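Undergrad: coordinates only, no sequence provided:
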């Protein structure tokens with residue numbers, strides 16, 4: 001099956017409820033922290049050109065993600081990555097993540113890009129794009145961002161730790177970092 005992955009526009013606002021439903025169902029099934037979002041919030045991201053949507057060739061909703069800037073555009077969060085259940089396992093999450101990351105770099109080229117997640121697949125994708133795990137103290141300090149975690153089942157843990165630790169892992173892409181990976185080699189003497 002072929003998918004169309006693109007920056008969402010006004011014509012995609014009609015999928016906001018489907019997106020919220022998929023996020024809700026995934027949170028219930030995985031018993032992990034996925035912050036709830038309202039259709040109005042999703043619509044706002046779509047209208048602002050800060051969302052990526054995946055559609056089937058027939059035009060049905062298949063996946064979604066969005067970005068948001070924080071602290072005067074110093075930080076950008078990639079959030080809400082979701083693939084509709086019957087389209088999972090086809091590499092669609094990777095394609096959505098690639099476009100979401102490219103969109104964040106295009107709109108906010110100097111910003112640090114971050115993600116918080118409990119999902120191993122999302123962590124692996126982030127590593128491939130040069131993200132590294134960091135303490136929450138290296139992420140945005142904007143209280144409005146952390147307020148967005150209120151819809152997550154783990155919010156009490158985050159609050160109890162003064163927004164410094166949670167079950168989620170913080171991952172950061174800093175455009176100023178130059179990461180070189182050294183591969184050890186065996187040398188015989």
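TA: Alright, I've got the coordinates. In this text the structure is predicted, and so the values were computed from the model without any measurement.
Undergrad: residues touching residue 122, list them.
TA: By C-beta atoms under 8 Å, 6 or more residues apart in numbering, residue 122 lies in contact with 81, 93, 97, 115. (Glycine included, C-beta is placed from N, CA and C.)
Undergrad: right, and the helix or strand after the helix or strand encompassing residue 64?
TA: Residue 64 belongs to strand 61-70 when assigned by DSSP states H and E. As assigned by DSSP H and E, the chain's next helix or strand after strand 61-70 is strand 75-83.
Undergrad: who's in contact with the helix or strand that comes right after that following strand?
TA: Scanning forward in sequence from strand 75-83 by DSSP H and E, the next helix or strand is helix 92-107. By C-beta under 8 Å, 6+ apart, the residues outside helix 92-107 that reach it are 3, 5-7, 49-50, 52, 54, 62-67, 69, 76, 78, 81, 83, 111, 113, 121-122, 125-126, 129, 173, 175.
Undergrad: now the contacts of residue 122: which count as buried?
TA: Neighbour-count burial (16 or more other C-beta atoms under 10 Å) applied to the contacts of residue 122 gives 81, 93, 97, 115.
Undergrad: can you pull up the most central residue in this structure?
TA: Closest residue to the average C-alpha location of the chain: residue 79 at 2.9 Å, with C-alpha atoms, centre = their mean.
Undergrad: okay, that one: pLDDT?
TA: On the pLDDT scale, residue 79 is placed at 89.
Undergrad: between the two ends of stretch 106-121, how far is it?
TA: Counting by C-alpha to C-alpha, to the nearest Å, you get 24 Å between the two ends of stretch 106-121.
Undergrad: now for the contacts of residue 122, which pair is the farthest apart?
TA: 93 and 115 (12.6 Å; C-beta to C-beta).
Undergrad: need phi/psi at residue 56.
TA: Dihedral angles phi and psi of residue 56 (degrees, to the nearest 10) take the values phi -70, psi 170.
Undergrad: what about it, how many residues nearby?
TA: Here the number of neighbours of residue 56 (other C-beta atoms under 10 Å) works out to 15.
Undergrad: now do the contacts for the closest residue to it other than its chain neighbours.
TA: Nearest non-adjacent residue to residue 56, counting by C-beta to C-beta, 6 or more residues apart in numbering: residue 62, 5.4 Å away. For residue 62, the contacting residues are 3, 54, 55, 56, 83, 84, 87, 92, by C-beta under 8 Å, 6+ apart.
Undergrad: can you tell me which of these is nearest residue 158?
TA: Nearest to residue 158 among those is residue 83, at 25.3 Å by C-beta to C-beta.
Undergrad: could you list everything the closest one pairs with in the sheet?
TA: Residue 83 has these beta-bridge partners by DSSP bridges: residue 63.
Undergrad: what about the helices in the protein?
TA: Taking DSSP state H as the test, the helices found in the chain are 16-30, 39-47, 92-107, 120-128, 143-147, 155-160.
Undergrad: this completes my enquiry, with thanks.
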